[in-house]
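In: output the structure for:
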Amino acid sequence: MQVIPAIDLMRGRCVRLMQGDFAKETVYSEDPEGVARQWAAIGAERIHVVDLDGARTGSPVNMDAVARIVAAVDVPVQLGGGIRTPALAREALNLGVDRVMVGTAATDPSLAAQMLEAVGPDGLLVSVDARDGEVVVSGWTESGGTKVGELVSAMERLGVQRVMYTDVARDGTLTEPNYGAVEELVGQTAVAVIAAGGIASVDHLTRLARLGVEGTVVGRALYTGDIDLAEAIVATRP
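Out: A predicted model of the protein is given here:
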């Protein structure tokens, strides 16, 4: 299982939000590319970057910072936040991003199919953000009216190979992952699942590994020191 450090960008800085609330922002670094180099040097095999400003406005904002991150590390970088058209997805890949993550756009099957055609199965990560089992959209502010299983099944039929499941009620809380929801999702789909939200310890990570997820995205717990990345990577190796 891959342990994937998260770098959330707001106004070019590395920040974390509590439950996706833009009013609950903590700034961890003014140097996101330096943070990326740090995680890669420790052993991260992939970096997860989210353009929070882009997620809020609907179009990428921090692409200069993303370009510096991509140039700073020799590991793949996956990017989400405001990528809602095939043209923007291709632009991100041309910048050197390995994989683009789409969320709100994926609730429209026709647009999701266009995204898949634009970047290919290996270049697409569908973000499934949920609260109480229901998909949320628009920067986690609105319910999409769709159940998690329904969306993932629809994505699987389109040919999507990978989703990231986030329980937004737990994101940034350092409580614990929603193991039941993760286990249910892994058990009902052949799509690879990356888990996020509420991860606060190495024990949480090892338990998620046993559930069969492909990877986990870890943010706040790495920045607070609750999780030591080197220890986590060793503990979750097969």
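In: Ser127 contacts Arg162, doesn't it?
Out: No. Ser127 is beyond contact range of Arg162, at 10.3 Å (criterion: Cβ atoms under 8 Å). (Glycine included, C-beta is placed from N, CA and C.)
In: which one of these two has more residues nearby?
Out: Ranked by neighbour count (other Cβ atoms under 10 Å), Ser127 and Arg162 place Ser127 first, with 23 against 20.
In: phi and psi next, for the more buried one.
Out: Here is the backbone geometry of Ser127 (degrees, to the nearest 10): phi -90, psi 120.
In: repeat that for Ile199.
Out: Dihedral angles (degrees, to the nearest 10) for Ile199: phi -70, psi 120.
In: for it, give its distance to Val160.
Out: In this view, Ile199 and Val160 are 23 Å apart by Cβ to Cβ, to the nearest Å.
In: between the two, who's got more neighbours?
Out: A side-by-side neighbour count of Ile199 and Val160, using other Cβ under 10 Å, places Ile199 first with 29 against 23.
In: go ahead and confirm that one touches Thr206.
Out: No. The criterion here is Cβ under 8 Å, and Ile199 misses it with Thr206 at 11.0 Å.
In: how many neighbours does Thr107 have?
Out: 20.
In: what of Asn62?
Out: Using other Cβ under 10 Å: Asn62 sits among 25 other residues.
In: same question, Gly54
Out: 24.
In: for Arg210, same thing?
Out: Neighbours of Arg210 (other Cβ under 10 Å): 12.
In: tell me the contacts of Ile83?
Out: 54, 60, 89, 92, 100-102, 105 (Cβ atoms under 8 Å, 6 or more residues apart in numbering).
In: from those residues, which land in helices?
Out: If you go by DSSP state H, the contacts of Ile83 have 54, 89, 92 in helices.
In: and the pLDDT for Thr141?
Out: According to the prediction, Thr141 has pLDDT 47.
In: could you number the chain from 872 rather than 1 from now on?
Out: Sure, I'll start counting at 872 from here, so that last one is Thr1012.
In: burial of Arg908, as a residue count?
Out: Quick note: Arg908 (other Cβ under 10 Å) scores 16 neighbours.
In: cool, thanks, signing off.
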